[in-house]
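>>> attaching a predicted model along with its sequence, questions to come.
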Amino acid sequence: QVQLVESGGGLVQAGGSLRHSCAASGLSFGSYAMGWFRQAPGKERELVAAISSIGRTYYADSVKGRFTISRDNAKNTLYLQMNSLKPEDTAVYYCAISQDSRVVGTAYVRYWGQGTQVTVSS
């Protein structure tokens with residue numbers, strides 16, 4: 001049984017930092033690309049950051065330079081370090097594992113985490 005269990009998130013003031021973790025079990029973690037998505041109220045779920053099985057990264061323009069995605073294949077864990085947070089970063093954040101080793105997108109997601117709320121106050 002595949003599980004993606006997220007931790008982190010919470011309430012933070014603008015300019016602050018948060019770190020998300022996503023622990024995976026039940027699959028060969030290192031073989032797949034992974035990503036972090038977010039969904040704000042009334043908006044579609046969007047890809048925020050992604051990392052391939054060999055560590056190549058992608059960032060949405062809105063978070064480039066502020067967020068860092070990383071993975072520890074030995075611990076089967078995905079991370080998202082979020083710095084210089086802005087109120088517009090407020091959303092539910094989801095980790096996801098792709099069915100591909102390189103590509104991450106909504107259509108490629110094989111499993112989702114449970115989602116964690118991030119609220120950034122101004």
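Arrived safely.
>>> who's in contact with the residue most central in space within the chain?
For the chain, the residue nearest the mean C-alpha position is residue 36 (2.1 Å; C-alpha atoms, centre = their mean). By C-beta atoms under 8 Å, 6 or more residues apart in numbering, residue 36 lies in contact with 20, 22, 47-50, 67, 69, 78, 80, 93-96. Just so you know, the C-beta spots here come from the backbone N, C-alpha and C atoms, and that holds for glycine as well.
>>> hang on, residue 83 packs against residue 66?
Yes: between residue 83 and residue 66 there is a contact at 5.3 Å, judged by C-beta atoms under 8 Å.
>>> how about TSV for the contacts of residue 36, with distance to residue 103 and neighbour count added?
Below are the contacts of residue 36 laid out as TSV (distance: C-beta to C-beta, whole Å; neighbours: other C-beta atoms under 10 Å):
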residue	distance to residue 103	neighbour count
20	21	23
22	18	26
47	11	17
48	15	22
49	14	24
50	8	23
67	19	22
69	15	22
78	16	27
80	18	26
93	20	23
94	17	22
95	16	28
96	12	25
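>>> how much space separates the residue nearest to the centre of the chain from residue 1?
22 Å (C-beta to C-beta, to the nearest Å).
>>> per-residue pLDDT of residue 26, please?
You'll see residue 26 listed with a pLDDT of 89.
>>> burial count for it?
11 (other C-beta atoms under 10 Å).
>>> can you tell me the helix or strand for residue 95?
Remark: residue 95 resides in strand 91-98, with elements defined by DSSP states H and E.
>>> for the record, mean pLDDT for that strand?
What strand 91-98 shows for mean pLDDT is 96.
>>> after it, which helix or strand is next?
strand 109-112.
>>> which positions in the helix or strand following that next one come out as buried?
Moving toward the C-terminus from strand 109-112, the next helix or strand (DSSP H and E) is strand 116-121. Residues of strand 116-121 classed as buried: 116, 118, 120 (neighbour count, 16 or more other C-beta atoms under 10 Å).
>>> list the contacts for residue 15?
Taking C-beta under 8 Å, 6+ apart, we find residue 15 in contact with 84, 85.
>>> next, it: secondary structure please.
At residue 15 the chain is in coil, as set by DSSP: H, G, I helix; E, B strand; the rest coil.
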